[in-house]
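Undergrad: Fold the following.
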Amino acid sequence: MIENQDVEFKKIWKDEWLEWICGFANATGGLLYIGVDDNGKVVGLGNTAQSLLDKLPGKIKDSLGILTKVKLEKENNLEYISIKIDKYPIPISYHGKFYLRSGRSNHEATSSEYDRLLLERFGKTWDTMKVPNVAIEDLDSNAIERFKKLAVENKRLSFDEVKINNKGLLENLKLYEDGYLTTSAILLFHNDPEKWIPGAYTRIAFFGKDDADLRYQDEVHGSLIFQAEEIVRILYAKYLKAYVSFNGMQRVDEYILPEAAAREIIYNFLQHKAYNVAIPTQIKVYEDYIYFWNPGEIPNEVKEILFKPHPSMPRNLKISQTFFRAGFVEYWGSGIKRITDACKEYGSPIPEIVNEAGGVAVKCKASDSYLKAMNGENNTKNVTTNVTINVTIKLTETEKKILQIITNNPNVTQKEIAEELNVTTMTVKRNIKKLKEKGIIDRVGANKNGYWKVL
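TA: Residues are numbered from 1 along each chain as shown. All right, here's what the predicted structure looks like:
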């Protein structure tokens, strides 16, 4: 027998072990053995065994308010004690503090962990909380229409199921109950969910030689339905360099990470994020490495079997169900497998996925072929965010400057270009029109939420 999530060994009794019993009761329950060393070897309690057997049940009840099964055990004529602790239906405290068992350790619960613990004990998740003073009319109709389109395209809902008013749709999705929108409805469909849920956005940054060498960055705000697709678009349009080679006549664009894997990581981050922590999702891009970090650790029940078949255990049930209907995720605990399969097929290393700094980190390294291409080997050509102008097309200096700005930031507005170049907006509009006529750039999407594409 070894120590694990459900088993702890202590050589002697100390009253501070009441914190560990509290942690077991707030987690999954477990067994605490007194008179056993860290290696699981029985060392015995000597003549204190019987007195401990008599006093521990009352001490535990008086200190924690719970009942445990305390037994006197014997091995090789050595007596020791086992304490069986059940998982309790309400949060248990010791001296006003709440403790949690996590793996082989015990710690005082943070405020966000306590909130989650309290909700779970009453069969609720954080994303089902009701939000007052927000009406259905306050939601982003474009986000709702986008969801409907995705749901039908991915055959997760029929045309008849989405051909209803927004109230009916939200009720069917269990996002509107008793006259209140839930936190999940705000996150999924409001264009500014941060009014109620701070940190409900994503930060992306590109770094040079180290973390102090920040080159440029973006923040993606808005509804999760919008963020889910926008994060991927910005990541591949602006942050990830493609190294181009040719297999015969076929052009091959190689990135650090295949887009299918990046989508799976990002979509799973958005649905599993601990939104009550109020910290944004973060993506750090380097020349040969991508680091994703998201608030909210992988549950202990899943951590040990992450790369094996496992059940879906969403932190935010309603967000996960809506993402499933939008076709973003499969909702069967298969996300990790799809990430690894995409990387294997692409020839990229399998990402490292770990709990880190109170959240989950996904670390994606470049493949050997990508590194060779980056270093100029294999007859490849580096495609970066710097613009190379075809000499057969004559551009004015203003056109070149605008093209460079658009290439570096596809989301830039005409007003922002004008401010950066210290010219009028009309001048920018006139030059953009010329760039379009020359087949250099194009506009994708609407003026508000679209972006520039360099052709």
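Undergrad: Mean pLDDT per helix and strand in the chain: which one sits at the bottom?
TA: Lowest on mean pLDDT, DSSP states H and E among the helices and strands of the chain sits strand 381-383, with a mean of 44.
Undergrad: after that strand, next one along is what?
TA: helix 397-408 (DSSP states H and E).
Undergrad: Touching the helix or strand following that next one from outside, list them.
TA: Next in sequence after helix 397-408, counting helices and strands by DSSP H and E, comes helix 414-421. Outside helix 414-421, the residues within contact range by Cβ atoms under 8 Å, 6 or more residues apart in numbering are 398, 401-402, 405-406, 424-425, 427-429, 432. C-beta here means a position set from N, CA and C on the backbone, and glycine is covered the same way.
Undergrad: May I ask which of the residues you listed has the most neighbours?
TA: Ile402 (28 neighbours; other Cβ atoms under 10 Å).
Undergrad: quick one on the thing from earlier: the contacts of helix 414-421: which two are farthest apart?
TA: Ile406 and Thr424 (17.6 Å; Cβ to Cβ).
Undergrad: which stretches of the stretch 251-400 of the chain form strands?
TA: 281-286, 289-295, 352-356, 359-365, 381-383 (DSSP state E, counting those that start in this stretch).
Undergrad: Just the CA coordinates for stretch 312-321, please, in CSV.
TA: Only the C-alpha atoms of stretch 312-321 are listed here, as CSV (Å, rounded to 0.1, in the frame of the first residue of the first chain):
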residue,chain,number,x,y,z
SER,A,312,-16.0,13.9,-19.6
MET,A,313,-15.9,15.9,-16.4
PRO,A,314,-16.6,19.5,-17.4
ARG,A,315,-16.0,22.3,-14.9
ASN,A,316,-18.7,24.4,-16.6
LEU,A,317,-21.4,22.0,-17.7
LYS,A,318,-23.7,24.4,-19.5
ILE,A,319,-20.8,26.0,-21.4
SER,A,320,-19.6,22.6,-22.4
GLN,A,321,-23.0,21.5,-23.6
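Undergrad: For it, buried residues please.
TA: 314-321 (16 or more other Cβ atoms under 10 Å).
Undergrad: Pipe the strands of the stretch 251-400 of the chain into TSV and attach mean neighbour count and distance to Gln414 per row.
TA: Converted to TSV, the strands of the stretch 251-400 of the chain look like this (neighbours: other Cβ atoms under 10 Å; distance: least, Cβ to Cβ, whole Å):
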stretch	mean neighbour count	distance to Gln414
strand 281-286	21	27
strand 289-295	21	31
strand 352-356	15	41
strand 359-365	21	35
strand 381-383	12	26
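Undergrad: Determine which of these approaches Asp37 most closely.
TA: The closest of the strands of the stretch 251-400 of the chain to Asp37 is strand 352-356. By Cβ to Cβ, the value is 27.5 Å.
Undergrad: starting at the chain centroid, how far to that closest one?
TA: Put simply, strand 352-356 sits 11 Å off its chain's centre (Cα atoms, centre = their mean, to the nearest Å).
Undergrad: And the longest helix along the chain, what does it pack against?
TA: Determined from DSSP state H, the single longest helix within the chain is helix 49-64. Under the contact criterion of 3 or more Cβ pairs under 8 Å, 6 or more residues apart in numbering; DSSP states H and E, helix 49-64 touches helix 17-26, strand 69-75, strand 78-85, strand 93-94.
Undergrad: Show me what secondary structure element comes after the shortest one.
TA: Following the chain from strand 93-94 toward its C-terminal end, the next helix or strand by DSSP H and E is strand 97-102.
Undergrad: Break this structure down into its domains, please.
TA: 7-110, 202-311+329-374, 397-454 (automatic domain parsing).
Undergrad: Compile the ones you listed into a markdown table and extend it with columns for distance to Lys174.
TA: As requested, the domains of the chain are arranged in a markdown table below (distance: least, Cβ to Cβ, whole Å):
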| stretch | distance to Lys174 |
| --- | --- |
| domain 7-110 | 24 |
| domain 202-311+329-374 | 14 |
| domain 397-454 | 27 |
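Undergrad: thinking again about what came up before, quick one: closest of the strands of the stretch 251-400 of the chain to Ile197.
TA: Short answer: strand 289-295, nearest of the strands of the stretch 251-400 of the chain by Cβ to Cβ, at 11.8 Å.
Undergrad: tell me the centre residue of this structure?
TA: When Cα atoms, centre = their mean is applied to the chain, the residue found nearest the centroid is Phe269 (2.1 Å).
Undergrad: I'd like the distance between that residue and Ala361.
TA: 11 Å (Cβ to Cβ, to the nearest Å).
Undergrad: overlap in contacts of the two?
TA: Common neighbours of Phe269 and Ala361, counting by Cβ under 8 Å, 6+ apart, are 292, 294.
Undergrad: Sketch out the low-pLDDT regions of the stretch 201-350 of the chain for me.
TA: The model of the stretch 201-350 of the chain has pLDDT under 70 over residues 245-251, 301.
Undergrad: switch to 50 and redo it
TA: Judged by pLDDT under 50, the stretch 201-350 of the chain has no weakly predicted residues.
Undergrad: Contact partners for the residue nearest to Leu306 when sequence neighbours are not counted?
TA: Residue nearest to Leu306 in three dimensions, not counting chain neighbours: Ile336, with 5.8 Å by Cβ to Cβ, 6 or more residues apart in numbering. Neighbouring residues of Ile336 by Cβ under 8 Å, 6+ apart: 306-307, 353.
Undergrad: for Gly96, same thing?
TA: Taking Cβ under 8 Å, 6+ apart as the definition, Gly96 has no contacts.
Undergrad: Most distant residue from the centre of the chain?
TA: Asn47 (52.5 Å).
Undergrad: did I read that right, it in a helix?
TA: Yes - under DSSP: H, G, I helix; E, B strand; the rest coil, Asn47 sits within a helix.
Undergrad: Now do the same for it: its pLDDT.
TA: pLDDT for Asn47: 93.
Undergrad: hmm, back to that, with distance to Pro57 as extra columns, can I get the strands of the stretch 251-400 of the chain in JSON lines?
TA: Converted to JSON lines, the strands of the stretch 251-400 of the chain look like this (distance: least, Cβ to Cβ, whole Å):
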{"stretch": "strand 281-286", "distance to Pro57": "46"}
{"stretch": "strand 289-295", "distance to Pro57": "39"}
{"stretch": "strand 352-356", "distance to Pro57": "35"}
{"stretch": "strand 359-365", "distance to Pro57": "39"}
{"stretch": "strand 381-383", "distance to Pro57": "70"}
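Undergrad: Pro198 is nearest to which of the ones you listed?
TA: Comparing the strands of the stretch 251-400 of the chain by Cβ to Cβ, strand 289-295 comes nearest, at 11.5 Å.
Undergrad: Return the distance of the closest one from the chain's centre.
TA: With Cα atoms, centre = their mean, you get 9 Å for strand 289-295.
Undergrad: so who does the closest residue to Gly333 other than its chain neighbours touch?
TA: With sequence-adjacent residues excluded and distances taken as Cβ to Cβ, 6+ apart, Gly333 is closest to Ser312, at 4.0 Å. Shown in contact with Ser312 (Cβ under 8 Å, 6+ apart): 320, 331-333.
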